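Undergrad: Below: sequence and its predicted model.
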Amino acid sequence: MSAVPQKRTAAALLLLLWAAAGAQYVRFPGDSSRFVPAGADSLFIFSRDLAVAAQGAGLDRIRYADGSIRGDGLPKTLYLAEPVGAILYQRGIALPEIPSIRSRLDGVESFAPLFRNGALGFTRYRGRSGRNGIDIDVWEPREGGGRSLLFFPDGIVLDAETWATGPDAPGLDDLSGIWIDPPEYGVHDIPALVVRTLSRRHCLVVYIDGLGWDALEQSLLEDDNAMPADTVRMARAAYPPVTRINYRAMIGLPGGATLFQELYALGVSYTVLEGETMIYPVPGRLVLHGERDPVARDAAVFRDALTAAGEPGLSLLWVHFHGLDDLNHRWGPADERTRAHLLTLGDYCRRLRRVWPGGMLVVSDHGAHTCAGTAAGTAGGHGDFIFADMGIPLISAPGQGNGPGPPGISPEQAAMLLGAASIFAAGHEQGPAAAPDRAALMVITRADTLRFSAADSALFQERFELSFERKGETVVYRFTGRRFDELLPAGDAGGCERLTARSADGHTAVFTAADPGLRSLIIRYSPEERGDTGPFALYPEGDRFPNRIVKYLTTIICE
Amino acid sequence: MKHLYTAILVAFLLIMTAAAAEAVRRPAEGFILRVVSDPAGDGPREVFISGADLKQLKQTRVSVQGKPEDPVRTWTGTSLAAVLSAREVDPAAIRRLSVTASDGYMAVIEGDLLSGLGTAFCATGIEDEPVFPEKYGYMRLIFPDLPPMYWINDPVRIEVSLGTSAPAFPVLDLYFPESAPLRPLLESKRVIPLANLLAGAGADAGRFSVLAADTLLRPYESNTIIKYMVLLAEADGAYSIGGVNVPTGLKTKGIFSVTANRSVIFLKQLTAAERDIWSDLVWRKQEYGKDPARPLRLCLLKNGRTILDRRVSGSGCDVYDSAVGMIMQHPDFDCIRVTAE
């Protein structure tokens, strides 16, 4: 017998045992034939816009017919059109308890109150009524709230509605936990983020094993610079929050292949730096690090990462630091030694960012919690359905290194990898959809598109000295460059009524026709990037304050 | 199994698409105006108003000083009343207005503050300044008659609630640091997720108010930032709001009480001054606080059962003192429920 039928048999057995204990879950209309309330004195039934809980004798008269719930002599409130699902059970019988996270609060609740109180989105209580010995409570969805996710083993995560309406979705007996009002992003989003970043520029992924949201928040509250973090999002791990499941989620693509397998097949150059073990097979360049001490091992991984970051032509650098997870287990996540190592990893990230020319993501697979009174070496752990283990950070920050950093893959390849081009159309990451090339300047006019790069440096030899006021002091900038109007073909210069300048890191400045600054813009070019302005920068000579200076200038749109 | 894999794949795509949607705050420069009527009235309606739409309305100007150290500026743009009237919203019928900025900053105008709505102004320019400062976004919503903390840069959403009724709760639950659901949060942790605190008190995180020692009663509206908000313990037992991604302007200090719907959470044992502030600013606005002579019943609850009860009437200070007396008598409890006799 294969593993899958065994699992299904076991699940069916559990369902039977559970049903025998007095609880049954029914989906409509798929398994409506199982909707037999005989013996049940409690009922929770819901459609897409209403949920009703009923308790009392006589519920066995209720039935499902013609797509509706009906029953002779029952309160009309129970007559529900187009029901989606129902839970039948008996009062007083101990029902399975399900771990839950509500925002960031851990709990364990029996499924009936859990579903009533938000798990399916029914959070607005409309009231109670009673008739013929039956008490009825009614809820409806609260606008803009109440989203929840259901977590099943092996990393399966389902939206509550998908689960409730999916004909073959896993049963309640397999449910590992419910997260009510969860973070929008999850570890499953990481492949899309990596692929999207690769479609625009090179990508560095720093994977810090065991970095939970709580630990990151604590360090950022103590020091804003504890981790390079331009955009920090709270995210959710898959269940169980262990490395094997979540590593798979962060490299898994629709269709079953891993990110590395697909990139290898496309001929994309990448390097994967791992700890002492290879968790999933990686075709291509993989470097393991066998140091026994977690701190020393992470240091070795960092040294190699620093070297790899400088290699020309590398599209993806994947760096897995495992030391924090080891220390979480050994000392616990709250221990000073563990927290000190997290700060060290933050420093590693900052130093890698300084040399990396593309996009950078800092990701994690799970968090950790403190285990009280355990033996040495097991002071911390993870794997439970609690926020400390399930809540993780998702950080993105543009790299600050030199270099052209062209896209690692084409948009078509990216769409193919994810099997969903629409994801890209929706704009997963902040910033313009076009790939910004930090070493080049693109000028889009009504008539033409012009590109400037280091090869055009001879155009930018005029000396400028500009003064701006900043915090009551005069700041003087001296550089070589060219007036913007002079870069445009004759006829284009005067035709621009609105100019938008964008930088590689998303900064935008707008100049309109009514704005005298539009006619006095200067493009600065730095032959050797000095690290503070990028190769190209825009200076509005007519401005009093330096607010509209655009460093790392990549795009100018003249409308 | 094939259906299962299909369901999982669909869910995978749904989740990723939902995540993508979060990054798209709005279709263009402008804000979503959401109008919510009384429960008996029409359902909510939403309309997108762009920066260009604002410039189509009658342009006026207003001279006002923000912070005392700021210069008086003449702002150009259009009045909020004109914007609302153009969408058939009667400004006089508004009983609550909440505004959310692109960075998650928020302001809620209700109660006495509503008097400041009449002069509210959608500023899209500043006289004698050729460029509208980038930090203000496409528009700055200013309230000349309200403190600058209510002024919003780059608003993305404005919600107005119409009608005359305010929610009245048949019961009011008072939570203290000793309350069993809150004790684990408040006793041992220096950093307390605000959503956890509200959930622990059984309160909806959608709307809440904080009360600070400087008599600031500040309403908050839940948005994506709520997940990141934490309470940080201060030296005197009060708390301040902080957190990753939380705009500086939302970081109120000196908080000693949080109110959400029917739950009031006391974060510390109140001093006499704090008790007076709470009585004046929170209790008197509750259904029971309007009539000090009204007899009330306080029930000390544990696991839904009444352990102790006491009759009381008077001001909020009297109610608070009675509740504290009950706690001293029976320190193992969940909350103290206030109901009318």
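TA: Happy to help now that I have it. Residues are numbered from 1 along each chain as shown, chains lettered A, B, ... in the order given.
Undergrad: Which residues does the most centrally placed residue in chain A form beta bridges with?
TA: Residue closest to the average C-alpha location in chain A (Cα atoms, centre = their mean): residue A:185, at 3.4 Å. Counting by DSSP bridges, residue A:185 is bridged to residue A:235.
Undergrad: Please enumerate the strands of the stretch 101-250 of chain A.
TA: All strands of the stretch 101-250 of chain A, identified by DSSP state E, counting those that start in this stretch, fall at A:105-110, A:124-131, A:134-140, A:148-152, A:156-159, A:177-180, A:185-186, A:203-208, A:231-236.
Undergrad: any idea how far the residue nearest to the centre of chain A lies from residue A:232?
TA: Distance, residue A:185 to residue A:232, by Cβ to Cβ, to the nearest Å: 11 Å. To be clear about C-beta, it is placed using only N, CA and C from the backbone, and glycine gets the same treatment.
Undergrad: And for residue A:295?
TA: From residue A:295 across to residue A:232, the span is 25 Å (Cβ to Cβ).
Undergrad: who's more crowded, the two?
TA: A side-by-side neighbour count of residue A:295 and residue A:232, using other Cβ atoms under 10 Å in any protein chain shown, places residue A:232 first with 21 against 17.
Undergrad: Next up, the contacts around the closest residue to chain A within the stretch 201-341 of chain B.
TA: At 5.1 Å from chain A, residue B:244 is the closest residue in the stretch 201-341 of chain B, using Cβ to the nearest Cβ. By Cβ atoms under 8 Å, 6 or more residues apart in numbering or on different chains, residue B:244 lies in contact with A:216, A:217, A:220, A:221, A:229, A:232, B:228.
Undergrad: what number of residues lie near the third one?
TA: Counted with other Cβ under 10 Å, the neighbours of residue A:220 add up to 20.
Undergrad: got it, and residue B:294?
TA: Residues lying near residue B:294 (other Cβ under 10 Å) number 13.
Undergrad: And it, how far from residue B:313?
TA: Distance of residue B:294 to residue B:313, computed by Cβ to Cβ: 6 Å.
Undergrad: do residue A:538 as well
TA: Distance, residue A:538 to residue B:313, by Cβ to Cβ: 69 Å.
Undergrad: cool, and residue A:189?
TA: Computed as Cβ to Cβ, the residue A:189 to residue B:313 distance reads 56 Å.
Undergrad: which of these two has more neighbours?
TA: The neighbour comparison of residue A:189 against residue B:313 (other Cβ under 10 Å) goes to residue A:189, with 26 against 15.
Undergrad: Next one: the more buried one, what pLDDT does it get?
TA: Looking at residue A:189, its pLDDT reads 90.
Undergrad: The longest strand along chain A: partners in the sheet, and parallel or antiparallel?
TA: The longest strand of chain A (DSSP state E) is strand A:473-483. Applying DSSP bridges, strand A:473-483 is found paired with strand A:462-470 (antiparallel), strand A:521-525 (antiparallel).
Undergrad: and of those, who's closest to residue B:329?
TA: Nearest to residue B:329, of all the strands paired with strand A:473-483, is strand A:462-470, at 62.6 Å by Cβ to Cβ.
Undergrad: sorry, back to before: what kind of secondary structure is the residue of the stretch 201-341 of chain B closest to chain A in?
TA: Secondary structure assignment for residue B:244 (DSSP: H, G, I helix; E, B strand; the rest coil): coil.
Undergrad: number of nearby residues for residue A:247?
TA: Here the number of neighbours of residue A:247 (other Cβ under 10 Å) works out to 21.
Undergrad: What separation is there between the nearest residue to residue B:335 once chain neighbours are set aside and chain A?
TA: Leaving aside its chain neighbours, residue B:335 sits nearest to residue B:173 (4.5 Å; criterion: Cβ to Cβ, 6 or more residues apart in numbering or on different chains). From residue B:173 across to chain A, the span is 15 Å (Cβ to the nearest Cβ, to the nearest Å).
Undergrad: which residues touch residue B:173?
TA: So residue B:173 contacts B:201, B:202, B:262, B:263, B:264, B:335, B:336, B:337, B:338 (Cβ under 8 Å, 6+ apart).
Undergrad: Please apply the same query to residue A:149.
TA: Neighbouring residues of residue A:149 by Cβ under 8 Å, 6+ apart: A:157, A:158, A:159, A:160, A:178, A:179, A:182, A:236, B:15.
Undergrad: Who is it paired with across the strands?
TA: Bridge pairing for residue A:149 - DSSP bridges - gives residue A:159, residue A:179.
Undergrad: Check what pLDDT it gets.
TA: Value for residue A:149, per-residue pLDDT: 87.
Undergrad: Out of the strands paired with strand A:473-483, which is the most enclosed?
TA: Mean neighbour count (mean count of other Cβ atoms under 10 Å in any protein chain shown) peaks for strand A:521-525 among those, with a mean of 24.
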